[in-house]
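K.L.:
sequence and computational prediction follow.
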Amino acid sequence: MHAIQRSAVVAPVAREKKALVTISSLEKRYRSRDRADVHALCDINLAIEDGSFVTIVGPSGCGKSTLLRILAGILARSSGSVRMGQTEIDGPSRQVGVVFQSPVLLPWRTVVDNVMVPSEVQRLDLGAARKRARELLALVGLADFEDRYPGELSGGMQQRVGICRALVHQPSVLLMDEPFGALDAMTRETMNVELLRIWREQNITIILVTHSIPEAIFLADRVVVMTPRPGRVAEVVDVHLPRPRTLAMFNTPDFGRYVTTIRRHFGSVGTE
Ligand SMILES: Nc1ncnc2c1ncn2[C@@H]1O[C@H](COP(=O)(O)OP(=O)(O)O)[C@@H](O)[C@H]1O
Ligand SMILES: [Mg+2]
């Protein structure tokens, strides 16, 4: 059995692995002319290792989406720094793919043409992109649905298309904001297992936001636990459950101990 090891609030960078994403003294305040400012993120410091799977868990309104949108380069920070490798993030980057809770597919385009959208926007080689789009769809079990329209797919299948679309331009980081929040519990578990397979096969870094504590533990090498607003990092928990992870692990005493450790931060409030 594993003792639960907790790392310092500022996650130290392991010597043999390099940090791909480095967040230092990050602050975000939403300013408004007619309302009081909202202090959404407060002094966030994190180093995210290349190739790791990091989940961010916290109650609704604690700034998870704010943090992810800043990492995606689609929202400006108020102060502090966010670097991808050595480069400061100051706009959308080709190194990043993003998956939101709802995949928002274009209903008039086929599945494969939806996956192609970022390649068209970024003016990549469309022949190569189409080949990769087909490979990704096969990877997620949708080879037979390439030429269907989104309206013909279930919610889980649509979200798989969203994941392929985020991966088609070969980003090094996949950012996911509650990607399975709209799915039923069983589909969600299947998607979790599938996502771990994609992560392994694509050799990418994944940063996934969720308000489900078990989902955060099941997926991650490292769980970042956030406080209610203003969002701060309350704790970073290293998850030492073996890989490959299986759904049976949800019921093990080790798993339960991680849940207890993280739930302590939320008391009776919970994260739902
Ligand atoms: N555009 C905005 N303008 C003002 N306040 C915002 C805006 N977006 C989010 N907020 C506020 O910032 C806080 C964090 O929001 P968010 O990042 O969406 O939290 P989470 O994703 O953890 O639920 C919330 O209090 C929310 O109301
Ligand atoms: Mg959110």
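P.N.:
On my side now, so go ahead. Ligands and ions are numbered 1, 2, ... in the order given.
K.L.:
OK, contacts around the residue in the stretch 101-250 of the chain that ligand 1 sits nearest to?
P.N.:
In the stretch 101-250 of the chain, the residue that lies nearest ligand 1 is residue 229 (5.1 Å; CB to the nearest ligand atom). (Each C-beta comes from the backbone N, C-alpha and C, glycine too.) Residue 229 makes contact with 38-40, 61-63, according to CB atoms under 8 Å, 6 or more residues apart in numbering.
K.L.:
which of these are buried?
P.N.:
Listed as buried from these are 40, 62-63; burial here means 16 or more other CB atoms under 10 Å.
K.L.:
in helices, which of these fall?
P.N.:
With DSSP state H as the criterion, helices contain none of the buried ones among the contacts of residue 229.
K.L.:
tell me the contacts of the closest residue to residue 243 other than its chain neighbours?
P.N.:
Nearest residue to residue 243, sequence neighbours excluded (CB to CB, 6 or more residues apart in numbering): residue 196, at 7.6 Å. Going by CB under 8 Å, 6+ apart, residue 196 touches 53, 219, 243-245.
K.L.:
and the strands in the stretch 51-200 of the chain, which stretches?
P.N.:
Along the stretch 51-200 of the chain, the segments classed as strands by DSSP state E, counting those that start in this stretch run 53-57, 79-84, 87-88, 96-99, 173-177.
K.L.:
surely residue 57 and residue 262 touch.
P.N.:
Yes: Residue 57 lies in contact with residue 262 (CB atoms under 8 Å); the separation is 6.6 Å.
K.L.:
more crowded one of the two?
P.N.:
Just comparing residue 57 and residue 262: by other CB atoms under 10 Å the higher neighbour count belongs to residue 57, 27 against 22.
K.L.:
contacts only, for the more buried one.
P.N.:
64, 209-213, 216, 223-226, 262, 271.
K.L.:
ok so, going back, which ones among the contacts of residue 196 are found in strands?
P.N.:
Counted as lying in strands by DSSP state E, out of the contacts of residue 196, are residue 53.
K.L.:
drop anything exposed from the contacts of residue 196.
P.N.:
For the contacts of residue 196, buried by 16+ other CB under 10 Å: 53, 219, 245.
K.L.:
hmm, back to that, so what sits against both of residue 57 and residue 262?
P.N.:
Common neighbours of residue 57 and residue 262 (criterion: CB under 8 Å, 6+ apart): 213, 216, 223, 225.
K.L.:
in strands, which of those residues fall?
P.N.:
Using DSSP E, these in strands are 223, 225.
K.L.:
so for the chain, the centremost residue is which one?
P.N.:
residue 208 (2.0 Å; CA atoms, centre = their mean).
K.L.:
and it, bridged to which residues?
P.N.:
On the basis of DSSP bridges, residue 208 is bridged to residue 55, residue 176.
K.L.:
for it, give me its contacts.
P.N.:
53-56, 175-176, 179, 195, 216, 219-220.
K.L.:
now the residue nearest to residue 243: how far from residue 66?
P.N.:
26 Å (CB to CB, to the nearest Å).
K.L.:
buried ones in the helix or strand hosting residue 260?
P.N.:
In the assignment (DSSP states H and E), residue 260 maps to helix 253-263. Residues 254-255, 258, 261-262 are the ones in helix 253-263 that count as buried (16+ other CB under 10 Å).
K.L.:
tilt between it and strand 222-226?
P.N.:
On the basis of axes from the mean of the first three to the mean of the last three CA atoms, to 10 degrees, helix 253-263 is oriented at 30 degrees to strand 222-226.
K.L.:
CA atoms of helix 253-263 as PDB?
P.N.:
Output of helix 253-263 as PDB, limited to C-alpha atoms (Å, rounded to 0.1, in the frame of the first residue of the first chain):
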ATOM      1  CA  PRO A 253      -8.600   1.600  -0.100                       C
ATOM      2  CA  ASP A 254      -5.700   3.500  -1.700                       C
ATOM      3  CA  PHE A 255      -8.100   5.400  -3.900                       C
ATOM      4  CA  GLY A 256     -10.400   6.100  -1.000                       C
ATOM      5  CA  ARG A 257      -7.500   7.600   0.900                       C
ATOM      6  CA  TYR A 258      -6.700  10.000  -1.900                       C
ATOM      7  CA  VAL A 259     -10.400  11.000  -2.000                       C
ATOM      8  CA  THR A 260     -10.400  11.700   1.800                       C
ATOM      9  CA  THR A 261      -7.200  13.800   1.500                       C
ATOM     10  CA  ILE A 262      -8.600  16.000  -1.200                       C
ATOM     11  CA  ARG A 263     -12.100  16.200   0.200                       C
END
